[in-house]
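Asker: next input, structure requested:
(chains A and B)
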Amino acid sequence: MQRWQIGLLKAAVWVACLAPLVLLYLKVRYQIGGFLANPSEEILHTVGKTGLNLLLITLAITPIRTLTKFNVLVRFRRLLGLFSFFYLSLHLIAFIWLDLRFRWDIIIAEIALRPYLTIGMLALLLLIPLAVTSTRGWQRRLGRRWSKLHRLVYPIAILGVWHFWWHGKQASNEPMIYAGILTILLGYRLARSWQRRQARLRASTP
Amino acid sequence: MTHRDNRIKPSEITPVDVFLNRRKLIAGAVAMGLLPACQRNADAAAMPADGEFSDLQSWAASTTEKLSPEQVATSYNNYYEFGTGKEDPGRNAHTLVTDPWSIEVTGEADRLGTFTLEDILAPHTLEERIYRLRCVERWSMVIPWVGFPMGDLLSRFEPRSSAKFVQFFTLADRQQMPGLRSSILDWPYREGLTIEEAMHPLTLAAVGVYGKVLPNQNGAPIRLVVPWKYGYKSIKSIVRIHFTDERPRIATESQREGSWAWQTAWNAYAGNEYGFYSNVNPNRPHPRWSQAVESRLDGSFPTPSIRTEMFNGYAEQVADLYRGLDLIENH
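Answerer: Prediction:
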């Protein structure tokens, strides 16, 4: 792939990642796309779901890349992961600013007492070291430990989908779809590692 | 889980005439066909042909808080018969046919039968009452309802002293209600009150909002409004009223009774989350969220967060109904 093609692709990824935020702004500010009775809730849910979407897309890069041999994809993994962290941080900010209006006593008690909030918070906290060490410098510095550390993304994704599953009044289909996709993404990795282990065993036994 | 026996002895039941003054009794008798219609009350209520009520009395005790915009109250609804999303009822409920409408009255009362909406409304005087509405999901609105005391209607059916509870049922018609295809709740939607709660002067039979006939998504043509309880108690589009002496069975988390007949819809869905009483109570958190605060959907942004009041601010009027009752256990 040419340098300019990669540049163009990168620009497209930036636009795609920022689009949900722009659309949300237009929706809340100018009611584009319909009247919003509860804009605070719309913001909270949209940024949360966008963050989770991006997390699952980030996890989909490796399987898609190995299946399609479209190796250039891996160049966007860090960017997508950082955007996921960005939206999930906005989700926490919206919870504090819009949902509970800086009522710190209730915010802290809620995060401590409600399991779905505790696991959501835990997922976001675990994302911080991954975001910080996402640079090339840190990757070099940590060496092999870097990939070990970044395997944290698997439990983070499980916690995130679990948080989504648990949050509402009713069981809707949407969290189930997320759980299904996550199962496929993690199942693919389990199957691959099992295959590799089998291959190693075959190679080591004459 | 244990339940205190809080049955009321027949001798303790407030006599019907406390709830019905003489004029209304006569009017009630007219509507029931007991007296000739020429004596019918001059301010007889009916559904307005143009959809807007005129000459509404306004209730003196209405809250003066900022009203939720009409568009908020009519576009953000929980009415699962038309979908589980908040915007779904506004989009889908146009298929609901509200005319003709009738209500079937069954159980422990002397005047049973099926009554048309016209008969139901005729003897009553409609008034506008502005109530707070607190949803269990932690949002709230301030809504001007048009209606009359539910107790005035129930008295006309002459409940017997054995009528300790009143059940209400929503229409469940697959032709009109696409949400029934989902089995998220056991249809029909069911709610219930103790007879004292049902007869309480705050308990409203509503036929309108914002001076207009109820939009379908808000529970047309006639619904219950119980302002001191979480919103799901205020059942919509009522087609049946049943008087019973039976205590509601309370579902525990894992137990979904085969016979749901006397279990309210949300209680059957998750007994530990949605109790029979469902009084607004900031001290009793929902298992998954605090109920100490609420987002007041008053059209402003960011949505204000306010402290939730015991009984949604109606404690002075209703706390007596629950004297001696543990409101955490009996949630």
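Asker: number of residues surrounding the residue in the stretch 1-150 of chain B that chain A sits nearest to?
Answerer: Residue of the stretch 1-150 of chain B nearest chain A, by C-beta to the nearest C-beta: B:Tyr76 (3.4 Å). C-beta coordinates here come from the backbone N, C-alpha and C atoms, glycine included. Using other C-beta atoms under 10 Å in any protein chain shown, B:Tyr76 has 23 other residues around it.
Asker: wait, what's in contact with it?
Answerer: A:37-38, B:86-87, B:90, B:297 (C-beta atoms under 8 Å, 6 or more residues apart in numbering or on different chains).
Asker: mind doing that once more with 6 Å?
Answerer: Residues in contact with B:Tyr76 (C-beta atoms under 6 Å, 6 or more residues apart in numbering or on different chains) are A:37-38, B:86.
Asker: likewise B:Asp88?
Answerer: Per C-beta under 6 Å, 6+ apart, neighbours of B:Asp88: B:Phe82.
Asker: which stretches in the chain count as helices?
Answerer: No chain specified, so I'll use chain A. A:3-30, A:39-68, A:77-94, A:104-113, A:115-132, A:136-142, A:144-150, A:153-166, A:173-204 (DSSP state H).
Asker: oops, I was thinking of chain B
Answerer: B:16-19, B:22-31, B:70-75, B:88-92, B:117-121, B:150-156, B:195-199, B:265-269, B:315-318.
Asker: output those as CSV; include the columns mean pLDDT and distance to A:Gln2.
Answerer: Formatted as CSV, these follow (pLDDT from 0 to 100; distance: least, C-beta to C-beta, whole Å):
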stretch, mean pLDDT, distance to A:Gln2
helix B:16-19, 49, 83
helix B:22-31, 50, 83
helix B:70-75, 98, 50
helix B:88-92, 96, 48
helix B:117-121, 97, 72
helix B:150-156, 98, 74
helix B:195-199, 98, 74
helix B:265-269, 89, 57
helix B:315-318, 98, 72
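Asker: which of these sits most buried?
Answerer: helix B:150-156 (a mean of 24; mean count of other C-beta atoms under 10 Å in any protein chain shown).
Asker: most centrally placed residue in the chain?
Answerer: As the question left the chain open, I've gone with chain A. Central residue of chain A (C-alpha atoms, centre = their mean): A:Leu55, 2.0 Å from the mean position.
Asker: wrong one, chain B
Answerer: Mean-position check on chain B, C-alpha atoms, centre = their mean. Result B:Leu224 at 2.3 Å.
Asker: picking that back up, most neighbours, which of the contacts of B:Tyr76?
Answerer: Of these, with other C-beta under 10 Å as the count, A:Ala37 tops at 24 neighbours.
Asker: what residues does chain A put near chain B?
Answerer: Neighbours of chain B within chain A, by C-beta under 6 Å from any C-beta of the partner chain: A:35, A:37-40, A:98, A:101, A:106, A:110, A:114, A:169-170, A:172.
Asker: now for the residues you listed, which pair is the farthest apart?
Answerer: A:Phe35 and A:Arg114 (30.3 Å; C-beta to C-beta).
Asker: for those two, indicate the residue with more neighbours.
Answerer: A:Arg114 (20 against 15).
Asker: list the contacts for the more buried one?
Answerer: Contacts of A:Arg114 by C-beta under 6 Å, 6+ apart are B:Arg288.
Asker: ok, it to A:Ser40 distance?
Answerer: Here A:Arg114 is placed at a distance of 18 Å from A:Ser40 (C-beta to C-beta, to the nearest Å).
Asker: tell me where the stretch 1-150 of chain B has strands.
Answerer: B:57-58, B:102-107, B:113-116, B:127-134, B:139-149 (DSSP state E, counting those that start in this stretch).
Asker: now do the longest one against helix A:39-68, angle only.
Answerer: Angle of strand B:139-149 versus helix A:39-68, following axes from the mean of the first three to the mean of the last three C-alpha atoms, to 10 degrees, is 130 degrees.
Asker: what lies in contact with strand B:139-149?
Answerer: B:53, B:65, B:67-68, B:73, B:124, B:126, B:128-130, B:132-134, B:201, B:204-210, B:225, B:294-297.
Asker: then stretch B:226-240 to CSV, C-alphas only?
Answerer: Backbone C-alpha positions of stretch B:226-240 (Å, rounded to 0.1, in the frame of the first residue of the first chain) are rendered in CSV as follows:
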residue,chain,number,x,y,z
VAL,B,226,-51.3,7.1,41.5
PRO,B,227,-48.8,9.9,42.1
TRP,B,228,-47.1,8.5,45.2
LYS,B,229,-46.1,5.3,43.6
TYR,B,230,-43.6,4.5,40.9
GLY,B,231,-45.0,5.1,37.4
TYR,B,232,-45.6,1.5,36.4
LYS,B,233,-48.4,1.3,39.0
SER,B,234,-50.3,3.8,37.0
ILE,B,235,-51.7,1.3,34.5
LYS,B,236,-52.7,2.5,31.0
SER,B,237,-55.7,1.7,28.7
ILE,B,238,-57.8,-0.1,31.3
VAL,B,239,-60.2,-2.7,30.0
ARG,B,240,-61.0,-4.6,33.2
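Asker: hmm, who's touching it?
Answerer: Counting by C-beta under 6 Å, 6+ apart, B:79, B:104, B:131, B:133, B:135-136, B:168-171, B:191, B:202-203, B:219, B:222-225, B:266, B:278-279, B:311-312, B:314, B:318 sit against stretch B:226-240.
Asker: which residue packs closest to B:Ala315, ignoring adjacent ones?
Answerer: In space, and not counting its chain neighbours, B:Ala315 is closest to B:Glu309: 7.1 Å by C-beta to C-beta, 6 or more residues apart in numbering or on different chains.
Asker: where does pLDDT dip in the stretch 1-150 of chain B?
Answerer: Residue ranges of the stretch 1-150 of chain B with pLDDT under 70: B:1-43.
Asker: ok, now the stretch 201-331 of chain B?
Answerer: B:250-261.
Asker: can you pull out the strands in it?
Answerer: With strands called from DSSP E, counting those that start in this stretch, the stretch 201-331 of chain B shows them at B:204-209, B:212-213, B:223-225, B:238-244, B:293-296, B:305-307.
Asker: buried sites along the fourth one?
Answerer: Using 16 or more other C-beta atoms under 10 Å in any protein chain shown as the burial criterion, the residues of strand B:238-244 that qualify are B:238-244.
Asker: and the last one, by the same measure?
Answerer: Buried residues in strand B:305-307, counting neighbours by 16+ other C-beta under 10 Å, are found at B:Ser305.
Asker: tell me what that strand is packed against?
Answerer: Helices and strands touching strand B:305-307, by 3 or more C-beta pairs under 6 Å, 6 or more residues apart in numbering or on different chains; DSSP states H and E, are strand B:293-296.
Asker: same for the strand it packs on, what does it pack against?
Answerer: strand B:139-149, strand B:305-307.
Asker: sorry, back to before: redo the residues of chain A next to chain B as JSON lines? Include distance to B:Ser140.
Answerer: Shown next, in JSON lines, are the residues of chain A next to chain B (distance: C-beta to C-beta, whole Å):
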{"residue": "A:Phe35", "distance to B:Ser140": "19"}
{"residue": "A:Ala37", "distance to B:Ser140": "12"}
{"residue": "A:Asn38", "distance to B:Ser140": "11"}
{"residue": "A:Pro39", "distance to B:Ser140": "16"}
{"residue": "A:Ser40", "distance to B:Ser140": "13"}
{"residue": "A:Leu98", "distance to B:Ser140": "16"}
{"residue": "A:Arg101", "distance to B:Ser140": "14"}
{"residue": "A:Ile106", "distance to B:Ser140": "16"}
{"residue": "A:Glu110", "distance to B:Ser140": "18"}
{"residue": "A:Arg114", "distance to B:Ser140": "20"}
{"residue": "A:Lys169", "distance to B:Ser140": "15"}
{"residue": "A:Gln170", "distance to B:Ser140": "19"}
{"residue": "A:Ser172", "distance to B:Ser140": "22"}
